[in-house]
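# Provided below for reference: sequence and predicted model.
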Amino acid sequence: MKTTSYLLCVLFVAIQSAVFSASRAGSLSVPLEGSWKVTATTGENDEKFYTLTITKEEKKFGGTFVEDGKDESRELSRVKVDGKKINIEIDIEVETQKGILKIITEEKESGKLTGKWSIEDTAGTEYLSGELVATKEIEATLPGKWDAVATLPNGNERTSVTTIEGTGPDYKGRSESERGTTEIPKIHQEDKHVSIEIPRERDGRAMIIKIKAALEGTTLTGKWTLLDDAGTETATGDWKATKRNEFLFEGKWNLVAIDPDDKEVKVTLDITQKEGVYGGRAEFEKGALDLKEVTHKKGAVSISVPYESDGTQGLITLKGKAAGSEIKGTWSFVSTDGSVTEDGDWSASRGDSSKKDAPKGLRGRE
């Protein structure tokens, strides 16, 4: 059966939205690639701290393991992933004696690996062992929800939740507190420097709160200043915000899907929410597609896109989990009569993608 160019373009546009469904059931809730902070203990309750950096190239995992405060790092020799279980082996040599450092862990909490480490000789005899906990480091990205605390001139504190949305360097958002919700039209980031302007009104006079903060990991630290309608500073104080470890579904994403010919299709997906209902559009070079039946709950995402083109009807189904600023998963398409089936992999990251038309491999298949 011939699948038309537009049909496949629509198919893979929606496939990109599948990019939201992170990994398959039973897989890690966060990408394994990245930096993990490790605490290793022995039977004497001594603690040592390490940084585990995991990379992936051509579907093979690798990386390094280094003790904090030291320059020498060890290459990961073997990394085995089985659902939520991660086993790592590092070949070591001490005074001509060869051995293996084994790390056996499992994700029992989101973004947290717990398990055991051991050092064995090449014959499998264990010499040392202990417990191990590894926590995934969240990248320093601005979009998301931030729990903010402002210190007032009298020493009291005022709390709020600041939601930041967009692709940068110019963002927008809103601030929610017991006083209500205020839209924030101007949030700007330059490197790790962030400025926020929140409009206020007092006694009929327009005022503005300016916040200047430094972004470091999951923390924003800086000062707030209240300016009156003449631009005069009337009050100031410390300001700090901590990013929540939760997935922000709304906003724009770079979507990349792998078609049945192993070629990439790139699309910009814009997810919106209104009164608790998700929707949005997938935008590509020669058009756009409205998304339908978009749901997201506790990281689980489901998107169904029914369509008809040149007499072919079918359903694109996207399911999986999403977390952080990076998403991975699979897409599938089945025609109504079951005569056409397609599937493949996808990935997504925050931001605007350079939109492309479908590669030749997507423009028609016999």
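Received the coordinates, thanks.

# Okay, buried residues for stretch 210-224 please.
210, 211, 213, 215, 218, 220, 222, 224 (16 or more other C-beta atoms under 10 Å). Where you see a C-beta, it was placed from the backbone N, CA and C, and this is true even at glycine.

# For residue 189, state which of the residues you listed is nearest.
Comparing these against residue 189 with C-beta to C-beta places residue 215 closest, at 7.2 Å.

# How about the closest one, nearest residue that isn't a chain neighbour?
Among residues not flanking residue 215 along the chain, residue 192 sits closest, at 4.5 Å (C-beta to C-beta, 6 or more residues apart in numbering).

# I'd like the next helix or strand past the lowest-mean-pLDDT helix or strand in the chain.
When the helices and strands of the chain are compared on mean pLDDT, DSSP states H and E, helix 5-18 comes out lowest with a mean of 39. Next along the chain after helix 5-18, taking DSSP states H and E as the criterion, comes strand 34-41.

# what helices or strands is that following strand leaning on?
If you count contacts as 3 or more C-beta pairs under 8 Å, 6 or more residues apart in numbering; DSSP states H and E, strand 34-41 packs onto strand 47-57, strand 126-136.

# out of those, nearest to residue 115?
The closest of the helices and strands packed on strand 34-41 to residue 115 is strand 126-136. By C-beta to C-beta, the value is 5.5 Å.

# how big is the angle separating the closest one from strand 47-57?
Counting by axes from the mean of the first three to the mean of the last three C-alpha atoms, to 10 degrees, strand 126-136 points 70 degrees away from the direction of strand 47-57.

# could you say what helices and strands strand 126-136 packs with?
On the basis of 3+ C-beta pairs under 8 Å, 6+ apart, strand 126-136 makes packing contacts with strand 34-41, strand 97-109, strand 112-121.

# Can you tell me which helices and strands the host helix or strand of residue 319 packs against?
Using DSSP H and E, residue 319 maps to strand 312-321. Strand 312-321 sits against helix 5-18, strand 300-309, strand 326-335, with contacts defined as 3+ C-beta pairs under 8 Å, 6+ apart.

# ok so, going back, list the backbone torsions phi and psi for the residue nearest to residue 215.
The phi/psi pair for residue 192 (degrees, to the nearest 10) reads phi -100, psi 10.

# correct me, but it touches residue 212?
No - judged on C-beta atoms under 8 Å, residue 192 makes no contact with residue 212 at a distance of 11.8 Å.

# and residue 209, how many neighbours?
The tally of other residues near residue 209 (other C-beta atoms under 10 Å) stands at 20.

# that older thread, pipe the helices and strands packed on strand 126-136 into a markdown table and attach distance to residue 170 and mean neighbour count per row.
Formatted as a markdown table, these follow (distance: least, C-beta to C-beta, whole Å; neighbours: other C-beta atoms under 10 Å):
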| stretch | distance to residue 170 | mean neighbour count |
| --- | --- | --- |
| strand 34-41 | 27 | 17 |
| strand 97-109 | 35 | 16 |
| strand 112-121 | 34 | 17 |
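
# Now tabulate those in CSV and tack on distance to residue 149.
CSV is the format used below for the helices and strands packed on strand 126-136 (distance: least, C-beta to C-beta, whole Å):
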stretch, distance to residue 149
strand 34-41, 24
strand 97-109, 26
strand 112-121, 25
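
# Can you say which of those is nearest to residue 152?
Closest to residue 152 of these is strand 34-41 (C-beta to C-beta; 34.0 Å).

# So in that sheet, which strands flank the closest one, and in what orientation?
According to DSSP bridges, strand 34-41 forms sheet pairs with strand 47-57 (antiparallel), strand 126-136 (antiparallel).

# Output the first one as CSV, restricted to C-alpha atoms.
Listed in CSV are the C-alpha atoms of strand 47-57, where the atom choice follows Å, rounded to 0.1, in the frame of the first residue of the first chain:
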residue,chain,number,x,y,z
GLU,A,47,31.2,7.6,53.5
LYS,A,48,32.9,8.6,50.3
PHE,A,49,31.4,10.8,47.6
TYR,A,50,31.8,10.4,43.8
THR,A,51,30.4,11.7,40.5
LEU,A,52,29.2,9.2,38.0
THR,A,53,28.9,10.5,34.5
ILE,A,54,27.1,8.3,32.0
THR,A,55,27.3,8.8,28.2
LYS,A,56,25.7,7.1,25.3
GLU,A,57,27.0,6.7,21.8
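
# Quick check: beta-bridge partners of the spatially closest residue to residue 249 that is not a sequence neighbour?
Once flanking residues are discounted, residue 249 sits nearest to residue 296: 4.6 Å by C-beta to C-beta, 6+ apart. Beta-bridge pairing of residue 296 under DSSP bridges involves residue 301.

# list the buried ones in stretch 74-87?
Buried, per 16+ other C-beta under 10 Å, within stretch 74-87: 76, 79, 86.
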